[in-house]
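Enquirer: the following comprises the amino acid sequence and a computationally predicted model.
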Amino acid sequence: MSATAATLPTETTHRRSAWSLLKSTGPAGIAAAAVIAIATLVAIFGSLVAPFDPTTSDLSLSWVAPTGGHLLGFDGQGRDLLSRLLAGARTSLLGPLAVVILCMLAGTILAVTAAWRRGAVDAAISSGLDIMFAFPGILLAVLAAAVFGAGLLAAAIALAIAYTPYVARVLRGAALKERSQQYVSALEVQGASATSICMRHLIPNMLPLIVAQSTILFGYAMVDLAAISFLGLGVQPPNPDWGVMISENQPGIFQGYPLSALLPGLCIVLVVVAFNVLGERLFEQAQKARQ
Amino acid sequence: MLLASLLVASFVIFAAMYLAPGNPIAALSGGRSLPPDSLRILEQRYHLNEPFLVQYWYWLRNVLHGNLGISITLRENVSTLIASRIWTTAGLVLYASIIILTIGIGLGVLSGLRHGALDTSTLVVTGISAAIPAFVAAIVLILLFAVKLGWFPALGNGTSFLSNVRHLTLPAFALAVSSLAIVARVTRASVREESTREHVQTAVSRGIPTRQVIWRHVLRNAAIPVTTISGITIASLIALAAVVEVAFSLNGLGAYLVGSAQSKDLAVVQGISLVLVTAFVVVNMLVDILYAVLDPRVSLGGRAE
Amino acid sequence: MSASIPAGATATAQSRTDAPLLEVDGLTVHLPVEGAQRDVLRDVSFGIRAGEALGLVGESGSGKSMTARAIDRLLPDGAEVEGAIRFEGRDVGTLAGADLRAFRGRVAMIFQDPRAHVNPVRRIGDFMTEALRTNLGVPTSTAERRAVHMLAQVGIDDGERRLRQYPHELSGGLLQRVMIAAALLTEPRLLLADEPTTALDVTTQAEVMAILHDLRREFDLAMLFITHDLELAAAVCDRTVVMYAGQIVEVRSSALLHGDPLHPYTAALAAARPDIGQTSRRLRAIPGRPLSAFEAPPGECAFAPRCPHVVDECRAGVPDIVELDGGRSRCVRARELRGRLGVSSDG
C-alpha cells in the first residue's frame, strides 16, 4: 500500500456554465427565459421603441379602438396604449429588480454570518428573523407610504425588508450545509480567513440556490409592487407602470373598453409566470446539485 | 415567539411616527397645520415631552385598552372607525379562506392521488393562476361576471346579509385565485410523496382496504405540510385583502388603510396596521397549534420547516 | 451470534403435511426501469413447507426483496409477472377483494427499517390493532388485549404503556419487535422477513433473531428469511436459497451450505466473509460487482464474468438447475466441482 499524499480539494462542486444550467431546465425553462429576456429588452429600450409619446394625452381620443398607427388603441386619457405598455415595462421590472438585489444581499450576509459563526450569533440572528416574519410585505409598504409618502423607492425598500427573513432562512440552511463540508475545514487548517473562504468558496457554491431563489423572489416582488402601484402608493400616475395602468383604466371596464385594463394585467401575468416557471426549474437543479 | 413578533411589530408601528421627516407632530398631522389646542391635545395624548420609551409605553397601554387615537381627517375615534369596517374585511377573508381550503385542497388531493389528464391539467392551470395577482383577477372577474354576464354586482358592499354575500363573492374569488393555486400544488406534492412512503406499504401488506389506507395513512400524514401552507396563505390574505377591497370599492379595513395612507392620517394607519398584524399573528398561532396536534413528533412552538 | 440457536434447528413437526405451504414456480418479473421493461427476476422456483424456515441470501440487486414483494403482491405499478405463486394451493396472483385481504392476514411481512415502515403520527396501539379491527372485525378492547399479550411474547412487558406511545418514542430495536408482534397478531402461517435485523446493532440483532426463533416454534410459523448475510441465514434457517442477478443459483440445506456448497458464487460469498477464528493475510473479495437481472449478459451464466471456475461452456447459454445431493445448483460444472468448492483455509 503506498501512502498517498493528501491533496485537499478546494472545491467540491463543479461549476456549471450558465448556458448548461439553462439547458438543464428543459423546454419550459428555456421558453420562460426567452420571455424574461424579451421583457428585459422592452424594459431597457421600451420608451425608445415606442411609436408614440406615452404621456401625450388627448381626451377626445379616450378609449378609442385601434386605428391608424395605434395598434392597441387608446387608454382612458387618450394616450397610445402600446407606447404606454412598452414604456411601463421599465418601472414594472426595475422595481422588483431593486427589491431582489437588496433582499438577496441582506439575506446572504445574514445567512452566511449566522451559519459561519453558529452558536449565539446564529441564535440571535435566527430569532431576529423569526420575529420579523410577522410583517406582510404589502402592509409594511403601506406603512412606509404613510410615513414617507407614496413612491416606488419606499415601497421597494419596505418589500425588501419584509422578504429578507424568508430568504435568509432558506439560504441559512444551505449555508449550514456548505459550512460542514470537508473542504471548509481543510481551508481553515490551511490558514484561510473566514471572509475569503466565504467569498471565494462558500457563496459561489451556493450560487445555484441563490439564483433560483432570486428568480422566484422576482415574481413575488413584481406582483406585490404592481399591487402597491395599483393602490396608488407606489409608482404614481401619470407614469406608465403596469400596476398604475390597471388602476387608471379600471373605469373602462364598466364603460365597455376593457382592453386598456386587461393588457397590462396580461403583461404582468406573463412575466410572473415566466419567472415562476424558470425559478421552480432552477430550484430543482439546485437541489440536485447539492446531493 | 409569536408574541415577541407582535411586540416588535407594535414597536415598529409606533416608531413610524419618528421615522418620518420632521417631528412626530408633523407625522401625526400628516403635514397639515393645526390650531394650537389641537397641537396641545396631541402632545398630551402621545406624551411627546417624555422620553421615547415612555411614550411607547403609554401608547401601548392605550392600545391595550382599546384606545387607538383619533383620526386627523375624520375627527373620530380610530377604534370606532375600525369597528364599523372590520366585518367586511373579516367576511372577505373568511369567504376567500373557505374557497381556498375547499377547492385548493380538494383539487390537490384529487390530482395527487390520480395520475393522468386531471393531474396534468391541474398542474398547468395552477401554474398560471399562481401568477395572477389579486387585482388582475379582480379586473377579469368584474369584466366577465359583472359587466358581461351580470351575475354578480361589481362594486360596493350590499345591504342585507345575503346581498353582502353576493357582493363579496367576486372579491373573495379574486383574493383566492393565486393562493388557491399554491395550496393545490403543495397539497398535490404532499399527497404524491406520502403515497410512496414505506409505512403505506406496510398498511397495504396487512390487507387494509385501499380506501382506508388513503384516508388514515396517506391523507392524514399529508395533512401536515398542507396545514402549514394553508396557514401561511390565509395569513397573507389579511394584507392582500386591501388590494381587492380597493378594486371592488368595498368598505373594509384594507381600503380604509390605503385611503388613510394616501391622506397621511397616521393614527388610523397605525391603528389598522396593529389590528392586521395581530390577526396575522393569531392565525399563525392557530396554525402552530394545529400542527402540533397533527404531528406528535413536534412539540408546541416548533414548526419544522 | 447467540449460542442458544443451534444451527439448522427445525421446528417441531406437528401439523405439517407434505404439500408445501408456499410454492413459487417459474416466477419471472419485469419492471419498468427508466422507460423500458427490464427483468428483475428470472425463473425463480422454490417451496416452503409449513413451519419451515427458508433463508434467501443475495447481494443488492439479486432480487431477494423483489421475490418477497412478489409473493405478498406488493410489486410497484407496471410490474409484469409470469409464472405462478401458490399459497395453500391457491394462485396468489388471482386473488382479489376479500380473498386478497384474507391472504394478507395469513402471510405477514416485516421490513428492514422499522422507523420508515410505521406511521409516525399514529400510536403504537393503533398500528398494532389496525388489521384486526379492520379486516377481522375484532372489537378494540379485545384487539388491544391481544396486542399487549403479543408484546410480552416479544419481550416487551409494559405493553399497556407502549400502546399509548408514538413510534418516535421507541428505539429502533423496540420498534422492530413491535413490528414483529403486530405481524403475528393475525396469526399468519408464513412470515416474510425482509432483512429484519440489518438496520439494528449486533446485540439487538441477536435478540430479535432469538425472538423470531421462539415465536416460530410456538406458532409453527413458516418463514422466508431474507438477508445478505450467508452465515446468519445458515444459522437460523433449515434450508438456504442463494440468489444472483435475479436467479436462484443454489438451494441447499443450511448445515451443508458452508462446508459443501454446490455453486461457485456461494463458495465465494462464504469465503469473502472474514472468519474470526482464522487469521488471513488478505480479505478475499469477489472481483467485479453484483448485477441486477437486467444488467447480466444475456444468454450465458450471469456469474461467468466473476467466476474463478469459468469455462467456455458457461457462456454457451443460461445454465439449467441441476439436482445434486438433495440440493440444487445452477452451474454447468456443478457435478465436476462437487466437493472442491468448500471454504479452505487461506492460500
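Expert: Good, I have the coordinates. All of these numbers come straight from a predicted model, not from anything done at the bench.
Enquirer: pretty sure residue C:32 sits in a helix.
Expert: No - under DSSP: H, G, I helix; E, B strand; the rest coil, residue C:32 falls outside any helix and is assigned strand.
Enquirer: for it, give me the pLDDT.
Expert: Looking at residue C:32, its pLDDT stands at 86.
Enquirer: could you measure from it over to residue C:79?
Expert: Residue C:32 sits 8 Å away from residue C:79, taking C-beta to C-beta, to the nearest Å as the criterion. All C-beta atoms are positioned from the backbone trio N, CA, C, and that covers glycine.
Enquirer: so the two - more neighbours on which side?
Expert: residue C:79 (17 against 13; other C-beta atoms under 10 Å in any protein chain shown).
Enquirer: quick one, phi psi at that one?
Expert: phi -80, psi 140 (degrees, to the nearest 10).
Enquirer: identify the bridge partners of the spatially closest residue to it that is not a sequence neighbour.
Expert: Spatial nearest neighbour of residue C:79, chain neighbours left out: residue C:31 (5.2 Å); criterion: C-beta to C-beta, 6 or more residues apart in numbering or on different chains. Beta-bridge partners recorded for residue C:31 (DSSP bridges): residue C:38.
Enquirer: distance check, residue C:31 against residue A:85.
Expert: Between residue C:31 and residue A:85 the computed distance is 54 Å (C-beta to C-beta).
Enquirer: just the pLDDT for residue 235.
Expert: Answering for chain A, as no chain was given. Looking at residue A:235, its pLDDT reads 85.
Enquirer: that's the other chain; I wanted chain B
Expert: With respect to pLDDT, residue B:235 scores 87.
Enquirer: in what helix or strand does it lie?
Expert: Per DSSP states H and E, residue B:235 falls inside helix B:220-247.
Enquirer: work out the gap between the helix or strand just after that helix and the centre of the chain.
Expert: Proceeding N to C from helix B:220-247, the next assigned helix or strand is helix B:253-262, under DSSP H and E. Chain-centre distance of helix B:253-262: 16 Å, with C-alpha atoms, centre = their mean, to the nearest Å.
Enquirer: can I get stretch C:141-158 in CSV? Just the C-alpha atoms.
Expert: This file holds the C-alpha atoms of stretch C:141-158, laid out as CSV (Å, rounded to 0.1, in the frame of the first residue of the first chain):
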residue,chain,number,x,y,z
SER,C,141,-60.6,-3.8,23.6
THR,C,142,-60.0,-7.4,22.6
ALA,C,143,-57.6,-6.4,19.9
GLU,C,144,-55.6,-4.3,22.4
ARG,C,145,-55.5,-7.2,24.9
ARG,C,146,-54.1,-9.4,22.3
ALA,C,147,-51.6,-6.8,21.3
VAL,C,148,-50.4,-6.5,24.9
HIS,C,149,-50.1,-10.3,25.1
MET,C,150,-48.1,-10.4,21.9
LEU,C,151,-45.8,-7.6,23.0
ALA,C,152,-45.0,-9.7,26.1
GLN,C,153,-44.1,-12.5,23.8
VAL,C,154,-41.5,-10.4,22.1
GLY,C,155,-40.1,-9.3,25.3
ILE,C,156,-41.9,-6.0,25.9
ASP,C,157,-43.5,-6.2,29.3
ASP,C,158,-45.1,-2.8,29.8
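Enquirer: contacts (any at all) between chain B and it?
Expert: No - Stretch C:141-158 lies out of reach of chain B by C-beta under 8 Å from any C-beta of the partner chain, never closer than 13.1 Å.
Enquirer: quick check: the residue nearest to residue C:79 vs residue C:73, distance?
Expert: Counting by C-beta to C-beta, the separation of residue C:31 from residue C:73 is 15 Å.
Enquirer: could I get the contacting residues of the spatially most central residue of chain A?
Expert: For chain A, residue A:218 is the residue whose C-alpha lies nearest the centre (C-alpha atoms, centre = their mean; 1.9 Å). Contact partners of residue A:218, counting by C-beta atoms under 8 Å, 6 or more residues apart in numbering or on different chains, are A:96, A:97, A:100, A:275, A:279.
Enquirer: and the furthest pair within those residues?
Expert: Longest distance between any two of these is 14.4 Å, between A:97 and A:279; criterion C-beta to C-beta.
Enquirer: not counting sequence-adjacent ones, nearest residue to residue A:62?
Expert: In this structure, residue A:62 finds its nearest non-sequential neighbour in residue A:78, 4.9 Å apart by C-beta to C-beta, 6+ apart.
Enquirer: ok, residue B:234 next?
Expert: residue B:97 (5.0 Å).
Enquirer: thought the one you found was touching residue B:238?
Expert: No - with contacts counted by C-beta atoms under 8 Å, residue B:97 stays clear of residue B:238, the gap being 10.2 Å.
Enquirer: tell me which helix or strand comes right after the longest helix that chain B contains.
Expert: In chain B, taking DSSP state H as the definition, the longest helix is helix B:161-195. Going down the chain from helix B:161-195, the next helix or strand is helix B:198-205, by DSSP H and E.
Enquirer: and that next one, what's buried?
Expert: For helix B:198-205, burial by neighbour count (16 or more other C-beta atoms under 10 Å in any protein chain shown) applies to B:199, B:200, B:201, B:202, B:203, B:204, B:205.
Enquirer: same question, stretch A:46-60
Expert: The neighbour-count criterion (16+ other C-beta under 10 Å) identifies A:46, A:47, A:50, A:52, A:54, A:57 as the buried residues of stretch A:46-60.
Enquirer: what mean pLDDT does it have?
Expert: pLDDT averaged over stretch A:46-60 gives 77.
Enquirer: just for the stretch 201-347 of chain C, where's the confidence low?
Expert: Within the stretch 201-347 of chain C, the stretches with pLDDT under 70 are C:275, C:280-281, C:343-347.
Enquirer: ok, 50 please
Expert: Across the stretch 201-347 of chain C, the ranges flagged by pLDDT under 50 are C:345-347.
Enquirer: and residue 192, what pLDDT?
Expert: In the absence of a named chain, this looks at chain A. The predicted local confidence for residue A:192 is 79.
Enquirer: wrong chain, I was asking about chain C
Expert: Per-residue pLDDT puts residue C:192 at 93.
Enquirer: same check on residue A:11?
Expert: pLDDT recorded at residue A:11 is 45.
Enquirer: if we can go back for a sec, okay, and the residue nearest to residue A:62 sits in which element?
Expert: Here residue A:78 sits in a region with no helix or strand, counting by DSSP H and E.
Enquirer: list the contacts of the residue of the stretch 201-305 of chain B found nearest chain C.
Expert: Residue nearest to chain C within the stretch 201-305 of chain B (C-beta to the nearest C-beta): residue B:207, separated by 3.1 Å. Under the criterion of C-beta under 8 Å, 6+ apart, the neighbours of residue B:207 are C:100, C:101, C:102, C:103, C:104, C:105, C:131, C:135.
Enquirer: would you confirm that the fourth one contacts residue C:94?
Expert: No - with contact defined as C-beta under 8 Å, residue C:103 and residue C:94 do not form a contacting pair (10.6 Å).
Enquirer: which of the two has more residues huddled nearby?
Expert: Regarding residue C:103 and residue C:94, a neighbour count based on other C-beta under 10 Å identifies residue C:103 as having more, with 19 against 9.
Enquirer: nearest residue to the more buried one other than its sequence neighbours?
Expert: residue C:95 (5.3 Å).
Enquirer: got the phi and psi for residue A:185?
Expert: Torsion angles, degrees, to the nearest 10, at residue A:185: phi -60, psi -40.
Enquirer: neighbours of whichever residue of the stretch 1-150 of chain C sits closest to chain B, how many?
Expert: The stretch 1-150 of chain C approaches chain B most closely through residue C:104 (3.1 Å), counting by C-beta to the nearest C-beta. Burial of residue C:104 is recorded as 23 neighbouring residues (other C-beta under 10 Å).
Enquirer: may I ask which helix or strand encompasses it?
Expert: Using DSSP H and E, the element containing residue C:104 is helix C:97-106.
Enquirer: and that helix, which residues are buried?
Expert: For helix C:97-106, the neighbour count (16+ other C-beta under 10 Å) marks C:101, C:103, C:104, C:105 as buried.
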